[in-house]
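**Q** sequence first, then the predicted structure:
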Amino acid sequence: MTDSQTIPADPMAAEAIPDEIAIEATKQATADVQTFADFSIHPDIVDALAGHGILTPFPIQAMTLPVALSGHDIIGQAKTGTGKTLGFGIPLLNKVIARGDDAWDGFTHRGKPQALAVAPTRELAVQVASDLERAGKKRGIRVLTVYGGRAYEPQIEALTKGVEVVVGTPGRLIDLAKQGHLDLSHAKTVVLDEADEMLDLGFLPDVEKLLAMTSPARQTMLFSATMPGAVVALARRYMTQPTHIRAMQEGEGDTSQTVKAVTQHVFRAHAMDKVEMLARMLQANGRGLTIIFSRTKRTAAKVADDLAERGFAAAAIHGDLGQGAREQALRAFRSGKVDVLVATDVAARGIDVENVTHVINYQCPEDEKTYIHRIGRTGRAGQTGIAVTFVDWDDLHRWTMINKALDLGIPDPEETYSSSDHFYEQMDIPRGSKGRLAKSQQTRAGLDAEVLEDLGETGKSGGRRPTGGRGPRDGGSRDGGSRDGGSRDGGRGSRDGGRGRGGETRTETAAPRTETAAPRSEGGDAAGRGRSRRRTRGGRPAGATD
């Protein structure tokens, strides 16, 4: 990197990482960049992106590419939705030796992963892998997504056949490496995406184990919206003179950017009137894809069911759903078969869906960080969005803390009902809209139009499970359903699933804990038990007819 590309470091960044070169991603710095073809990128990658209408880089991409393509370690600081995946994805793919390259015949490590990208959640891993597959398709680069909740066998089979890039969550990656199926010793490019989220979820020890498995001569790229001390310490230990790239306008931080891009409304709502308010709000003029957030799994499932019964194309995603059902809901949402996604905070990170116009906090977030992550699902990539928060009387203390921390200037939300005039006016709801969607407006195909894949899931529930235990904010475990997916050993359920922090997350091979936990036939034999029981109703066998 030349001196002409260097801008003096800001004081905070220089204090945190003494050896870095700090770059501020401003409009002036990227004014000369027109297209991806202006960089030293493999023509097939440029063509693949152009085929999807991706021609001009976002600021984080324009600032990252020259540094990453030259092989420097990078710390990228940017809010989600700014396009950072291609910022690290293009250099990663550019460095890979693919089957069509001249160097392929003499390459001694064919089929071994040459690059690794680590993500904190399943949804983010899937999103990153999808972007990499799209950009690397014309080069024939094989990308494998590895995470819990799916069967091991297809992942092992793909590794046996050979891949160039692996994207995954920490627990399943470590599992496959310990079993001898995943060899990371030749991975010379490593990306840690959403590093602060991995820290929050307790993945730091796992990340360090994975880094130790990769090539000492690797290029490491770390991306994070914030830079807590533990992330800075990680960079110091495992990176060599990293270049710090901050893709935000001067004087702004992640929080202020998100708040600025989103128009926020806060209503003090009655619990019994919320669904009615939702139904009318979903008929607002100009509403597109909408994400509704709840704190608990049970609420997410109930709200989605209530909206579907009222005629809306709604789906839920939460920790009580099997991975296949979660992916079905996300695919249906991305394709527009459903336009309302009801989610717990498992979806607050890693779901990058274009054209989300509204985010609705059905239940007030726990804190300002969760609030920012939720409303950050709209107003992405330079667009604007609308965020609505319902505050129950019992949640006023939570909202008071959020408002004070973010200086939103809304200390006392206005008491609002589904019939309130100011509600119709502020949300641009047509007069006469009621709590059910008219038949003529029910034009979406719905969730059932999206195929539910059989993933051979580990820790599978297939659908909803009765919640149990204390559970975290969304009632599931650390990444929604499990910290990382299925079960590490099919029994005790540890880092990669099973136990989590709450909720029942039994694995398929775990023995039933109680008589009621075992599935029964109508006649009554409990699985794994010799005892026979018959269900009766009014002294007669259940199901008997008159």
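**A** Here it is on my side, so go on. Residues are numbered from 1 along each chain as shown.

**Q** alpha carbons only for contacts and neighbour counts from here, please
**A** Noted.

**Q** pLDDT weak spots in the stretch 101-250 of the chain?
**A** 248-250 (pLDDT under 70).

**Q** now do 90
**A** The model of the stretch 101-250 of the chain has pLDDT under 90 over residues 101-109, 121-124, 127, 148-150, 194, 196-202, 204, 224-232, 236, 245-250.

**Q** quick one, helices of it?
**A** Per DSSP state H, counting those that start in this stretch, the stretch 101-250 of the chain carries helices over the ranges 122-136, 152-161, 170-178, 195-200, 204-213, 229-238.

**Q** what does the longest one rub up against?
**A** What it means is helix 122-136. Residues outside helix 122-136 that contact it (CA atoms under 8 Å, 6 or more residues apart in numbering): 44-46, 48-49, 85-86, 89-90, 93, 118-119, 141-148, 167-169, 347, 349-352, 479, 484-485.

**Q** same question, the fourth one
**A** Contact with helix 195-200 is made by 119-120, 204, 222-228, 230-231, as judged by CA under 8 Å, 6+ apart.

**Q** drop anything exposed from the residues you listed.
**A** 119-120, 204, 222-227, 231 (16 or more other CA atoms under 10 Å).

**Q** tell me the one of these nearest A62?
**A** Of all those, F223 has the smallest distance to A62: 15.1 Å, by CA to CA.

**Q** now the closest one: how far from F333?
**A** From F223 across to F333, the span is 26 Å (CA to CA, to the nearest Å).

**Q** what's the nearest residue to L55 if we skip its chain neighbours?
**A** Nearest residue to L55 in three dimensions, chain neighbours excluded: T35, at 5.3 Å (CA to CA, 6 or more residues apart in numbering).

**Q** do I have it right that that neighbour meets F58?
**A** No: with contacts defined as CA atoms under 8 Å, T35 does not count as touching F58, sitting 9.9 Å away.

**Q** tell me which of these two has more neighbours.
**A** More crowded of T35 and F58, by other CA atoms under 10 Å: F58, with 22 against 15.

**Q** in contact with that one, which residues?
**A** Contact analysis of F58 by CA under 8 Å, 6+ apart lists 82-83.

**Q** and it, how far is that from A78?
**A** 11 Å.

**Q** cool, L192 as well?
**A** 13 Å.

**Q** quick check: neighbours shared by the two?
**A** Counting by CA under 8 Å, 6+ apart, the shared contacts of L192 and A78 are F223.

**Q** who has more neighbours out of these two?
**A** The neighbour comparison of L192 against A78 (other CA under 10 Å) goes to A78, with 24 against 21.

**Q** the more buried one contacts L222, correct?
**A** No: using CA under 8 Å as the test, A78 is too far from L222 to be in contact (11.0 Å).

**Q** the closest residue to D454 other than its chain neighbours - how many residues pack around it?
**A** The shortest distance from D454 to any non-neighbouring residue, by CA to CA, 6+ apart, is to G324 (6.5 Å). For G324, the tally of surrounding residues (other CA under 10 Å) stands at 22.

**Q** quick check on G324: phi, psi?
**A** Backbone torsions of G324, given as degrees, to the nearest 10, read phi -60, psi -40.

**Q** can you tell me how far it is from R331?
**A** G324 is 10 Å from R331, by CA to CA.

**Q** ok, K112 to K161 distance?
**A** 9 Å.

**Q** who has more neighbours, the two?
**A** Each of K112 and K161 has its neighbours counted (other CA under 10 Å); K112 has more, 21 against 9.

**Q** please name the residues that touch the more buried one.
**A** Taking CA under 8 Å, 6+ apart as the criterion, K112 is in contact with 159, 162-164, 183-184, 186.

**Q** between these, which has the most around it?
**A** E164 (24 neighbours).

**Q** my guess is A301 contacts A316. True?
**A** Yes: applying CA under 8 Å, one finds A301 in contact with A316, separated by 6.0 Å.

**Q** how about the strands of the stretch 201-350 of the chain, start to end?
**A** Secondary structure of the stretch 201-350 of the chain (DSSP state E, counting those that start in this stretch): strands located at 219-224, 243-246, 262-268, 289-293, 314-317, 340-343.

**Q** what's the closest of these to T64?
**A** Between those, strand 243-246 lies closest to T64; by CA to CA that is 7.0 Å.

**Q** what strands line up against that closest one, and which way round?
**A** Strand 243-246 has the following strand partners under DSSP bridges: strand 21-24 (parallel), strand 74-77 (parallel).

**Q** check the offset of that strand from the chain's centre.
**A** Relative to its parent chain, strand 243-246 has a centroid offset of 23 Å by CA atoms, centre = their mean, to the nearest Å.

**Q** ok, now stretch 281-292?
**A** Stretch 281-292 has its C-alpha centroid displaced from the chain centroid by 21 Å (CA atoms, centre = their mean).

**Q** got the buried residues for that stretch?
**A** Going by 16+ other CA under 10 Å, stretch 281-292 has these buried residues: 281-284, 287-292.

**Q** contacts for that stretch?
**A** If you take CA under 8 Å, 6+ apart as the criterion, stretch 281-292 is touched by 333, 336, 339-343, 355-362, 377, 427-430, 433, 437.

**Q** give me the mean pLDDT for that stretch.
**A** Average pLDDT, stretch 281-292: 96.

**Q** end-to-end on it?
**A** So stretch 281-292: terminal residues 12 Å apart, CA to CA.

**Q** likewise for stretch 63-82?
**A** Length of stretch 63-82, first residue to last, CA to CA: 12 Å.

**Q** then stretch 416-436?
**A** Stretch 416-436 has an end-to-end distance of 19 Å (CA to CA).

**Q** list the contacts of that stretch.
**A** Residues outside stretch 416-436 that contact it (CA under 8 Å, 6+ apart): 267-270, 273-274, 276-277, 279-281, 283-285, 310-312.

**Q** now that stretch: how far from the chain's centre is it?
**A** Offset of stretch 416-436 from its chain centre (CA atoms, centre = their mean): 32 Å.

**Q** what's the local residue count around F267?
**A** Residues within reach of F267, counting by other CA under 10 Å, total 18.

**Q** look up how far D428 lies from it.
**A** Going from F267 to D428 by CA to CA gives 15 Å.

**Q** and the chain, what are its domain boundaries?
**A** Domain assignment for the chain by automatic domain parsing gives 19-93+113-246, 254-432.

**Q** any chance of those in CSV, plus distance to W104?
**A** Below are those laid out as CSV (distance: least, CA to CA, whole Å):
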stretch, distance to W104
domain 19-93+113-246, 12
domain 254-432, 34
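
**Q** so which of these is nearest L447?
**A** Using CA to CA, the nearest of these to L447 is domain 254-432, at 6.1 Å.

**Q** just give me the lowest mean pLDDT stretch among the strands paired with strand 243-246.
**A** strand 21-24 (a mean of 46).

**Q** right, and the helix or strand after it?
**A** helix 43-50 (DSSP states H and E).

**Q** buried set for that next one?
**A** Buried-residue list, helix 43-50, by 16+ other CA under 10 Å: 44-50.

**Q** now do stretch 293-313
**A** Buried residues in stretch 293-313 (16+ other CA under 10 Å): 293-301, 303-308, 310-313.

**Q** how about stretch 200-216?
**A** Buried residues in stretch 200-216 (16+ other CA under 10 Å): 201, 203-204, 206-207, 210-211, 213-215.

**Q** which one of the residues you listed is nearest to L452?
**A** Comparing those against L452 with CA to CA places L201 closest, at 28.5 Å.

**Q** for the stretch 351-500 of the chain, which segments count as helices?
**A** Counting by DSSP H, counting those that start in this stretch, the stretch 351-500 of the chain has helices at residues 368-375, 396-406, 421-427.
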